[in-house]
Every structure is written in structure tokens, then in C-alpha cells.
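Student: The following block contains a protein sequence and its predicted model.
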Amino acid sequence: MSMTASDAAKLTATETTETASAAHAPLSHGELADVLRVVMRFGVMMLQSGSTSFRVEEAMARLAAALRVDRLEAYVTPTGLIASAYSDREHRTQIMRIRNLGVDMNRLVVLELLSRNLPPGSTAADTEHRLDDIEKQGVLYSRGFIVASVALACGALALVLGGSVLDFFAAALGSGVAMFVRGSLGRRGFSPLPSTVVSAAVATAITLAMGALFTQIGPALGIPNVPPLAVIASVLLLVPGVPLVAALVDLTHLDLVSGTVRAAYAALLIVCIALGVLAVLALTDVNLLGTTPLRGPEGLALPVALQLVYGFVITAGFGVLFNLPRYTLARTGLVGAVALAARFLGTHAGASPVTATFVAALVVGLVGYGQSRVFHIPRTVFTVTGIIGLVPGVAGFETLIFFQTGDILGGLQSFVTASLITGAIAAGLGTARILLDMEWRYSR
């Protein structure tokens, strides 16, 4: 029977792992090798699910202590893992290469809970069976439900950016088809880079086609549309939010190698999105900025009540994409709703978009920390999904278009704006960690 996140949470320990370790005889050479193999497998599974390097190191150490290892030294990067386990005078070292990085928040939660609640007396074989059960778990949601959730989320973002109901339908259709294509390519073994280029091109092409149609029928219906906003929203599903947040966490934890690798990987994915979008725009010879000016800053036209509703839909939709446990969807949706409302109120209070975004990200970090403490699950479950609605889509899109049309000055201005807003998100999340997490407040 597969172990779910709720099952893992119900596991109880009657004594600490340190006490259990001291109560048993030292591990033999062969036993230590078996334990290290299981701990390494555990670490690889966490990395492949989207965890940060420092959290993987902590979880591996907890699991090793529960399995009677005296000390575990691990060096974790997104692409490789080295660990040495010690028991009395015995020690073993193992190196593993990491491939196929992805995002599976449900698996990440289950693994985190397993490391904290492994029953006393568990052996390497017992733990391996538990990992087998976890690995057998598939995606919690059906393919159709994921596509529909992403489509609704991207459509809601088009509304937050200032688009109309026509832009909602254009973005929803484009992102839905792109999500279907992306999933199909992934199941056929395509790597993330070409999959991202193709998916971005599909989303852009379909959204542009729908935008052209709605431009013709919109005036008759009395509903205007803004095609650029629909295009921006349609490619949101491809934005590497998890690698970006993980890079921030690793860098602020002074894990420079892991942070740099994750940031480079996220940058590659962003370049792939740009290539897909620009390829379609070049083939269709469409000048989006020349046809209809973008509105901004994002969300100014919407009242707080709609900000809350759309923020909930966006966050919960991407929670489904990230395979969040079902019992966390509503909670993460509320975090995203509060984030958009906080940015809205900050902007209307006279703050700049950068300052308002910083405050919103700070709120996400504070609320996410509280949620993670209450439910004993990684805070990235709440923070990664909570900041999706804060992504500087308009400025990033303008950067691409301005550079494509040769307007270098305009492109640089938009790039600086996008960078400042992205930095404000990082600063807000980092400030929340420094305020609430003792390990982040002081050097180790």
C-alpha cells in the first residue's frame, strides 16, 4: 500500500533518534553500506522533487541518525551528491549523479515527514520499502484536471494584468494546449529545454490566433481585448518558479555552488521561453506593442475582492501543477490571494511597484513560514506557489519585444524594471526568513 503525506504525518516516535542510536551497537561495515545507500537514495528523491540543497542535507542527516549512523557528512548540489557515513570506527562514502530534476511537492512533503517521524528500530530494509512505496505514487491529479487548472490560472492572470474576459479565454486556451503538449513531450522523454521552447511557441501561437479573432468580434460585443497580456499569461506555466526560489534559498544560505547552478538552470529555461515566443512573433510578423499598449502596473484596475479571488485561482491552479498535497491547496491559494491583495493595497497607498512587490513577497514569506510550522511541511510549498502572481510578466515581455524590434533603450528600461521587481520578490522572501529563522539570522 502506498504511503501518503497524511500517513507519514501519523507516524510517531517514542524516543529521539539520538537516543535510539546510542541504544544500539555500532553498525558493521556491510550494515553501514546498506544504510548509506538508502540515505543517498532518499537524498536523490528529494532533489528530484525540487528541494533545496541545505534542506536535503538536513533531512539526510535526520534519516541517517534514525538508522543508527553516528555522523553523516553530505555535500549536495543539484547535479551531484556526495556523502560519508560514520559508525564507531567504520565509515563509507558514496557519490551519485543527479538527473531529471523536476517538481513534486507531494513527494517532497512525504519524504520530509518520513525523515522526521521514522519509527524507532527501523532498518535500512524497512526504510527502502517505504521509499519504494513513495516512489510508486503517481501524480495526485488527472491529466485533464491539471490542464484545466493551469488554463484557469493563466486566464486569471490575464485578468490581473488588466485584460478582459476575451483575454481570459485566449490565455486559458493557449496555456491549456501548451500544458498538454508539455506533458506529452515529457512522457516521451524530451528534456526540459526543447520542451519549454516548443510549449512556449504553442502557447504564443494559439493565444495570438485567438487574440486576432477576438479583435474582430470584440467591438461588436463591446468587449476590448489586449493580445499582449493574453500572451504573457499563457506562458506563465513555463516560468521556472521552483528553481528560482530554490536558488535564492541556497544562495542566501551561502551554498554558492548549488545556488549558482539552480539560477543558471532557471535562466536557461527563461531563455527557452523567450526563444519560443520570439520565434512565433518573427514568423507571424506581429508587432504586439505597436498594436495595443500594455496596461500597468499589474492589477491596478481590479478591486481588492477580485484580487483575492484571482490570486486564489492562480495559486491553487499552479499548486495542482506542482502536485501539492490536496489538503494544502486551499491554504496555498489563500497565501497567493493575500499576496496580490497586499501588492494592490501597497500600490494604492502610493508605493512604487517594486516596494509594493517587496511587501507582498514579505507577507508570503511570513505566512508561508507560519503555515509550515503548523503543518510541519516545507515552506516552499507555500512560498513558491504564493509568489506566482507577483511575477513581473509585463516588464519581462516588453523586454523581449523591445529587443526584437531593435529598441535597445526601451528593452534595457524594461529589463531593469523586471529585474528590480524580481529582486524585490527575492528580498521579501529572504527578509521573512531572516526575521523568523534563527539559522538564517546568524552565521553558522
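Tutor: Nice, I can see it.
Student: In the stretch 201-350 of the chain, where is pLDDT below threshold?
Tutor: Low-confidence segments of the stretch 201-350 of the chain (pLDDT under 70): 286-302.
Student: let's see 50
Tutor: Counting by pLDDT under 50, the stretch 201-350 of the chain has low-confidence residues at 291-301.
Student: all helices for it, in order.
Tutor: Taking DSSP state H, counting those that start in this stretch as the criterion, the stretch 201-350 of the chain carries its helices at 227-234, 241-252, 256-284, 288-291, 304-321, 326-348.
Student: Mean neighbour count, those: which tops it?
Tutor: helix 227-234 (a mean of 31; mean count of other Cβ atoms under 10 Å). Backbone N, C-alpha and C define where each C-beta goes, glycine included.
Student: what's the closest residue to S234 other than its chain neighbours in contact with, if anything?
Tutor: In this structure, S234 finds its nearest non-sequential neighbour in G174, 3.7 Å apart by Cβ to Cβ, 6 or more residues apart in numbering. Counting by Cβ atoms under 8 Å, 6 or more residues apart in numbering, G174 touches 154, 202-207, 210, 230-231, 234.
Student: try 10 Å
Tutor: 151, 154-155, 158, 202-211, 230-231, 233-235, 237 (Cβ atoms under 10 Å, 6 or more residues apart in numbering).
Student: Repeat that for L131.
Tutor: By Cβ under 10 Å, 6+ apart, L131 lies in contact with 3, 38, 41-42, 45, 63, 110-111, 114.
Student: if I look at the residue nearest to S234, how far off is S142?
Tutor: Distance, G174 to S142, by Cβ to Cβ, to the nearest Å: 21 Å.
Student: Same question for L166.
Tutor: If you go by Cβ to Cβ, the gap between L166 and S142 works out to 28 Å.
Student: More neighbours: which of these two?
Tutor: A count of neighbours by other Cβ atoms under 10 Å puts L166 above the other of L166 and S142, at 23 against 10.
Student: Check whether that one sits in a helix, strand or coil.
Tutor: Look at L166: counting by DSSP: H, G, I helix; E, B strand; the rest coil, its state is helix.
Student: That one contacts T207, doesn't it?
Tutor: No - L166 is beyond contact range of T207, at 11.2 Å (criterion: Cβ atoms under 10 Å).
Student: joint contacts of the two?
Tutor: 158, 227, 230.
Student: what sits against the last one?
Tutor: Looking back up the chat, that one is A230. Listed by Cβ under 10 Å, 6+ apart, the contact partners of A230 are 154-155, 157-158, 161, 163-164, 166-175, 203-204, 206-208, 210-211, 214, 288.
Student: again, only this time at 6 Å
Tutor: By Cβ atoms under 6 Å, 6 or more residues apart in numbering, the contact set of A230 is 158, 163, 167, 170-171, 207, 211.
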